[in-house]
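1. Pasting the sequence and the predicted coordinates here, then a few questions.
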Amino acid sequence: MHTRARFLALATASMAMLVVTSKPALAQEGRAGGAPAAPAAQGGRRGGAPLPPAGPVPRRPDGKPDLTGNWMGSVGTLQHTVILEEHPGGFGITSGKTLIIEPADGVIPYQPWALQERNRRRDDANGYEDPVGHCEFYDIGRVHSFAQEYMFSGNNFVINANQHSTRIAPFDRREHLPPGIRLWLGDPIARWDGDTLVIDSTNFNGKTRMAIGGDFYSPDAHIVERFTMLDSNTIRWTMTIDDAKVFTRPWTMTSALPMTRRPQGQGGEGGNVDGEDTCHEGNVDLSHLKNVYEQVHGPDWPPK
């Protein structure tokens, strides 16, 4: 089967596992990181109370921005759960502009071997390898199409995301964990750069994927996220990945739209942080992906 057709078949089979928390909605307009265009993204009512109009950046007692709240980096569409770069629509996939803002061409700068591996993962026969299909962890760059809850607890910044994945980034730690300790979501450390919250992460286990399309980084990646409040309802988020094992240079992505405040308890359109409670219930797509995988590789693949 032609490579694109095979990948679209994979995406179609995998899409049902994602619509638990997000349904196709409005097509994206403009370059990633542009101004939100949907009423829901600006405080419209979709199962929750409307937001007040955007105002000045809220401040904590220490004068730093208060990011506390429920946030999401899309209007509930699935355009970038599949491919991070610019791509056409079809087979249930919503077209989308690239999320890559550096380099300027919007293309992830893979080394040749890594691009070949990414494309192998993108083949529909290998969709069963995607950990999200097994209700395992989303990648830290993959959750921004869904709701996230931000809060401060003691001297920590806390992010609660899909499937109850929680990241705790301490402000009072300066050194990362020993290199022998490897975690699904890495070891995050928080700091302030002026009014921008910076989260610096290392110590990954290399098992996550950044999208259904197979984008990845190695366990030795160094990831820096920056959260800048533009007003009381909007955060600009970027994530820079430095990984000399996989890429030819560091690169930076952002969310499809600026992270926009969502009313607490808002459901639908990917707006519920706890929307993956029933991930395994009726998940027949996983068995289909497993059957395809075993037909291609045999029942004993991967080798133990």
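-> The structure has been received and is ready for your questions. The structure presented is a predicted model; accordingly, all values stated were derived computationally and were not measured. Residues are numbered from 1 along each chain as shown.
2. Quote the end-to-end distance of stretch 94-109.
-> 24 Å (CA to CA, to the nearest Å).
3. swap in stretch 146-159?
-> 12 Å.
4. before we move on, what about stretch 183-194?
-> Per CA to CA, stretch 183-194 runs 29 Å from first to last residue.
5. Quick check: buried residues in that stretch?
-> L183, W184, L185, G186, D187, P188, I189, A190, R191 (16 or more other CB atoms under 10 Å). For the C-beta atoms, the positions are set from N, CA and C on the backbone; glycine is no exception.
6. Now do the same contact list for the first one.
-> If you count contacts by CB atoms under 8 Å, 6 or more residues apart in numbering, L183 has them with N203, F204, N205.
7. and the nearest residue to V57 once chain neighbours are set aside, how many residues sit next to it?
-> Closest residue to V57 apart from its sequence neighbours, by CB to CB, 6 or more residues apart in numbering: M229 at 4.5 Å. When neighbours are counted by other CB atoms under 10 Å, M229 registers 21.
8. again with F204
-> Around F204 there are 23 other residues, counting by other CB under 10 Å.
9. Quick check: it vs K245, distance?
-> Distance, F204 to K245, using CB to CB, to the nearest Å: 11 Å.
10. joint contacts of the two?
-> S218, D220.
11. Pull out the buried residues from stretch 85-97.
-> E85, E86, H87, G92, I93, T94, G96, K97.
12. is it possible to export these to JSON lines including secondary structure and pLDDT?
-> Below are these laid out as JSON lines (DSSP: H, G, I helix; E, B strand; the rest coil; pLDDT from 0 to 100):
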{"residue": "E85", "secondary structure": "coil", "pLDDT": "92"}
{"residue": "E86", "secondary structure": "coil", "pLDDT": "92"}
{"residue": "H87", "secondary structure": "strand", "pLDDT": "86"}
{"residue": "G92", "secondary structure": "coil", "pLDDT": "66"}
{"residue": "I93", "secondary structure": "strand", "pLDDT": "72"}
{"residue": "T94", "secondary structure": "coil", "pLDDT": "78"}
{"residue": "G96", "secondary structure": "strand", "pLDDT": "86"}
{"residue": "K97", "secondary structure": "coil", "pLDDT": "91"}
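13. Adding distance to L197, write those out as JSON lines.
-> Converted to JSON lines, the buried residues of stretch 85-97 look like this (distance: CB to CB, whole Å):
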{"residue": "E85", "distance to L197": "27"}
{"residue": "E86", "distance to L197": "28"}
{"residue": "H87", "distance to L197": "30"}
{"residue": "G92", "distance to L197": "35"}
{"residue": "I93", "distance to L197": "32"}
{"residue": "T94", "distance to L197": "30"}
{"residue": "G96", "distance to L197": "26"}
{"residue": "K97", "distance to L197": "26"}
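14. So which residues of the stretch 51-200 of the chain form strands?
-> Ranges of strands in the stretch 51-200 of the chain, per DSSP state E, counting those that start in this stretch, are 69-72, 100-102, 148-153, 156-161, 165-170, 187-193, 196-202.
15. Just the closest of the buried residues of stretch 183-194 to W113, please.
-> Nearest to W113 among those is G186, at 22.9 Å by CB to CB.
16. related to what we said a few turns ago, what two of the buried residues of stretch 183-194 are the furthest from one another?
-> The distance between the two most remote of the buried residues of stretch 183-194 (CB to CB) is 22.3 Å, for W184 and R191.
17. I'd guessed D172 sits against N155; true?
-> Yes - counting by CB atoms under 8 Å, D172 touches N155, with 4.8 Å between them.
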